[in-house]
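S.K.: task: produce atomic coordinates for the following.
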Amino acid sequence: MRPPRREGGRPRGALGLPLGPAAGVAGVLALLLLVLLTRGGQVGEGADFTAIDRPLAELAPLPAGPAVAGADAARRRPQVAARAITADLDRRWRASTALVVADWAPLGRPLTPGLVADVATAPGPPGLALAHALARAAAGEVQARIGIRAAVDAAAADDPPAEAALRARLVRQAECLAGQYLASAHPPASLTPSALRRALAGRGADLAWLRRGMEAASPAGCAAFGDTG
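M.R.: As a prediction, this is how the structure comes out:
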């Protein structure tokens, strides 16, 4: 093997670059630059995704106060309870967003009468599973009305490989916003980890993001698109 070329008293490699500790650092930086260049449009996409969360900053905290009495009667009259919870969701989200959600047709669609009866009889505190299911539906509509869902659609169209991750974050954010409602309407004693696990077992709830929403001071705490966790 030929020894490294020397020029000006310093060894040089095959590409004519100086060898040594400083050259090693320079080589690493050059390699990183090459990787970034070859990634094309991926550089800076995190910042674009973070912007999806911006509408949340405009939302006020949901007003606190006990849930309507109908929620406590969920097991006996689930349809009546569902209407009462929907009206309660409307009142609180209207105070936060200045938008009316009670008359949004999609609110009633995710919960058929059979499903309402099913979630109304879930274990745990009365009405908790039903309130969670309706709160998740309302959260999805809030996301649509304030532009977050459209922003996700646009970002996914621009970057198809990122679509699955973007959709997953949209679902997490909805879970978090549902937690905002539960915390505003239910006493903390009914929202213990064990009570939530019992009421929501097997229902696809993301308890980590639900609790994040419960603990957040406002909907802005449900930012999901700049969060790497």
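S.K.: low-scoring stretches of this structure, by residue?
M.R.: Counting by pLDDT under 70, the chain has low-confidence residues at 1-48, 68-75, 100-111, 227-229.
S.K.: can you give me the strands in it?
M.R.: 5-7, 10-12 (DSSP state E).
S.K.: who's in contact with the residue lying closest to Ala117 once chain neighbours are set aside?
M.R.: Of all residues not flanking Ala117 in the chain, Pro78 sits nearest, at 5.1 Å (C-beta to C-beta, 6 or more residues apart in numbering). Where C-beta positions appear, they are placed from N, C-alpha and C, glycine not excepted. Neighbour list for Pro78: 116-117, 119-121, 130 [criterion: C-beta atoms under 8 Å, 6 or more residues apart in numbering].
S.K.: run through who's touching stretch 168-181.
M.R.: Contacts of stretch 168-181 (C-beta under 8 Å, 6+ apart): 53, 61-62, 89, 92-93, 131-132, 135-136, 138-140, 142-143, 148-149, 152, 205-206, 209-216, 218-219, 221-225, 227.
S.K.: so which of the residues you listed sit within helices?
M.R.: 89, 92-93, 131-132, 135-136, 138-140, 142-143, 148-149, 152, 209-215 (DSSP state H).
S.K.: Arg167 and Ala156 touch, don't they?
M.R.: Yes: assessed by C-beta atoms under 8 Å, Arg167 is found in contact with Ala156 at 7.3 Å.
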